[in-house]
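Novice: Structure for this input, please:
(one chain, ligands or ions: 3)
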Amino acid sequence: MDFLLSNTTSASISHHKLLTRSKLQNIFFFNFVIDYCQICTLSDSIQGTRHRFDQFGGLTLKAMPEEKALTVTNGSSNNKTAHVLTMAGSDSGAGAGIQADLKTCAARGVYCSTVITAVTAQNTIGVQDVSVLPEESVAAQLKAVLSDMHVDVVKTGMLPSTAMVKILHDSLKQFPVQALVVDPVMVSTSGHVLAGSSILETFRQDLLPMADIVTPNLKEASVLLGGLQLETVTDMRLAAKSLHDMGPRNVLVKGGDLPSSSDAVDIFFNGKDFYELRSSRIQTRNTHGTGCTMASCIAAELAKGSSMLSAVKLAKRYVETALEYSKSINIGNGPQGPFDHIFKLKRRNPSRLQLFDPSDLFLYAVTDSGMNKKWGRPITDAVKAAIEGGATIVQLREKDAETGDFLEAAKACLEICRAHNIPLLINDRIDIAMACDADGVHVGQSDMPVKTVRALLGPEKIIGVSCKTPEHALKAWADGADYIGSGGVFPTNTKANNRTIGLDGLEAVCLASKLPVVAIGGINLSNARSVMELGVVNLEGVAVVSALFDRDCVVAETKKLNALLTDTVAKVGSEMVCNK
Ligand SMILES: Cc1ncc(COP(=O)(O)OP(=O)(O)O)c(N)n1
Ligand SMILES: Cc1ncsc1CCOP(=O)(O)O
Ligand SMILES: [Mg+2]
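Specialist: Residues are numbered from 1 along each chain as shown. Ligands and ions are numbered 1, 2, ... in the order given. Model (predicted):
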């Protein structure tokens, strides 16, 4: 089964001294040069990890309750601090390795401890020296952290010797964790070998079977598969499948440098389903460290309780956003510069720590000033009630409000939404969204063009756009939207003269779309099931106005709709239709 989703990085070893690039290429018959920072790791849901670790060597893992995902905000769950331990090499230039991992976890609100396997001297020109740490030191570092601190997820980068893989295995056996993210770092971008050919077999035999997710880039995947040529998305799928056969629970093959695609395409395979994750390529010199960053971001999101797929999608988005923000920075004189992981520090008003997660579209509550007036409800009460009932995202659609009143209402609603970690979007009014620092906007085909909105709001804000046709959907993707609102699916009284597209129209938009879609228009308790039963993988949820707000009790109606959607999705779940 295939899934197409919208919305991409690595390093290596030598005991002591370096190899020049030409030597490296001769010695390394695989003819690969791995982008030091282009390895990412994906893993599916945490469940099942126990089984695989048991297979490898009797390791047992702590179960991660599903509810954790619901209770976590900003890196903490159950009063515990989400914690990632990174076992990797130090990069003196601080773009990759341990330093990238620390910054990524900090940016994602997760504590990060470190086990240093090697100290590299490197900069934007290349790697000048590698000192591998003594194995006893690595073992002692692991023991020091794991015996004392609660670690949720271990992420590995540069593992320069087979002994270190064994040490990792033994440590995890003694101190189980919830997940292991393996970034199979082998060679630096500049061509420096960071994990020699002698370790390849250990990676295949021992490391991969331990991993919840392994995140090779094209060259690493090729090397792990004995030099297999990877030139197309089809090749990437075959590679993901073959790597999965080596034992990791999930595989993410990163196609950031796939020549045959203008998008950055990654293939995620969980042993059952393939997911094609796409984003547009960001033109920048500052890509050093993207692999490490992607893997540590996945680890951080897992530590906070995300499912594997959500963690991967968020990590891809985080890397993209950081790259976009860092285009203009200029560090070092070499060909590949580092980027800014803590881009949020540049923001005047840091907002939600969380990036857009398409599953937020599950139950989209859209307010209506007329309905609130009719029921005598302040907008803040309407928003609170929808959130209490289980709305996962809120849009303020206040068509009749005066600008000043709208802004005040938006600020008050934003405070409520932030307290519950629910994204708040503004309908039509980019000015209001900017003035209150809302999480994003929703615009229609005749509102401000998406490209202009993106230029005004920057890469981090969520932009939704209304689409009635496959052509609209393709343009929405090209223009930089994050999601599509498609409808009216059914006739509605809420929006005048709105053309109904029906379930067929909705399905056509979903199948053509590289973006996640939310259905809108006349959706209520009696027909929501038929919408979600379309079972198209990128149809994430429903957006509703009257079925929530033109009712006496908003909390009760939202709860009922939430229960119905949850039930339907659970039933439809495994029979999703793919889009291409
Ligand atoms: C989630 C969502 N989808 C579609 C719309 C409609 O937006 P638009 O076409 O701009 O119409 P108005 O809402 O402005 O009347 C929406 N608001 N939200
Ligand atoms: C804003 C909008 N866009 C397409 S249909 C619609 C109205 C949705 O309202 P309701 O859920 O009450 O039908
Ligand atoms: Mg509009």
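Novice: Roughly how far does the nearest residue to residue 152 once chain neighbours are set aside sit from residue 396?
Specialist: Take residue 152 and drop its neighbours on the chain: the residue closest to it by Cβ to Cβ, 6 or more residues apart in numbering is residue 303, 3.8 Å away. Just so you know, the C-beta spots here come from the backbone N, C-alpha and C atoms, and that holds for glycine as well. Residue 303 sits 33 Å away from residue 396, going by Cβ to Cβ, to the nearest Å.
Novice: how near is residue 404 to ligand 2?
Specialist: Per Cβ to the nearest ligand atom, to the nearest Å, residue 404 is found 24 Å from ligand 2.
Novice: Can you report how many residues neighbour that residue?
Specialist: Applying other Cβ atoms under 10 Å, we find 8 residues neighbouring residue 404.
Novice: how near is it to residue 435?
Specialist: Using Cβ to Cβ, we find residue 404 at a distance of 10 Å from residue 435.
Novice: what's the answer for residue 419, then?
Specialist: Distance of residue 419 to residue 435, given as Cβ to Cβ: 20 Å.
Novice: Between those two, tell me which one has more neighbours.
Specialist: Under the criterion of other Cβ under 10 Å, the comparison of residue 419 against residue 435 puts residue 435 first, with 15 against 11.
Novice: Does the more buried one touch residue 407 like I think?
Specialist: Yes: the criterion here is Cβ atoms under 8 Å, and residue 435 meets it with residue 407 at 5.5 Å.
Novice: Neighbour count: residue 303 and residue 396, which is higher?
Specialist: Neighbour tally, residue 303 and residue 396, criterion other Cβ under 10 Å: the higher count belongs to residue 303, 35 against 30.
Novice: got a list of what that one touches?
Specialist: By Cβ atoms under 8 Å, 6 or more residues apart in numbering, the contact list for residue 303 reads 75, 82, 83, 84, 110, 152, 153, 178.
Novice: Of those, which belong to strands?
Specialist: Judged by DSSP state E, the subset of those located in strands is 83, 84, 153.
Novice: In the residues you listed, which residue is surrounded by the most others?
Specialist: Neighbour counts for the ones in strands among the contacts of residue 303 (other Cβ under 10 Å) peak at residue 84, which has 31 neighbours.
Novice: so where does residue 471 fall, helix or strand?
Specialist: Using DSSP states H and E, residue 471 falls within helix 470-479.
Novice: scratch that, residue 463 is what I was asking about
Specialist: Assigned by DSSP H and E, residue 463 falls in strand 462-467.
Novice: What is that strand packed up against?
Specialist: Where contact means 3 or more Cβ pairs under 8 Å, 6 or more residues apart in numbering; DSSP states H and E, strand 462-467 is packed against strand 440-443, helix 450-457, helix 470-479, strand 483-487, strand 517-520.
Novice: ok, 6 Å please
Specialist: Counting contacts by 3 or more Cβ pairs under 6 Å, 6 or more residues apart in numbering; DSSP states H and E, strand 462-467 is packed against strand 440-443, helix 450-457, helix 470-479, strand 483-487.
Novice: Any idea which of these gets closest to ligand 2?
Specialist: With Cβ to the nearest ligand atom, the closest approach to ligand 2 among the helices and strands packed on strand 462-467 belongs to strand 483-487: 4.4 Å.
Novice: can stretch 499-514 be found next to ligand 2?
Specialist: No: on the criterion Cβ under 6 Å from any ligand atom, stretch 499-514 is out of touch with ligand 2, staying 8.6 Å away.
Novice: just the CA coordinates of that stretch, formatted as PDB?
Specialist: Output of stretch 499-514 as PDB, limited to C-alpha atoms (Å, rounded to 0.1, in the frame of the first residue of the first chain):
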ATOM      1  CA  ARG A 499     -20.700  25.400  -5.100                       C
ATOM      2  CA  THR A 500     -21.100  21.900  -3.700                       C
ATOM      3  CA  ILE A 501     -18.500  19.500  -5.000                       C
ATOM      4  CA  GLY A 502     -19.800  16.300  -3.300                       C
ATOM      5  CA  LEU A 503     -17.800  13.400  -2.100                       C
ATOM      6  CA  ASP A 504     -16.500  12.700  -5.600                       C
ATOM      7  CA  GLY A 505     -15.100  16.200  -5.900                       C
ATOM      8  CA  LEU A 506     -13.500  15.900  -2.500                       C
ATOM      9  CA  GLU A 507     -11.900  12.500  -3.500                       C
ATOM     10  CA  ALA A 508     -10.600  14.000  -6.700                       C
ATOM     11  CA  VAL A 509      -9.000  16.900  -4.800                       C
ATOM     12  CA  CYS A 510      -7.400  14.500  -2.300                       C
ATOM     13  CA  LEU A 511      -6.100  12.100  -4.900                       C
ATOM     14  CA  ALA A 512      -4.500  15.000  -6.800                       C
ATOM     15  CA  SER A 513      -3.100  16.700  -3.700                       C
ATOM     16  CA  LYS A 514       0.400  16.400  -2.300                       C
END
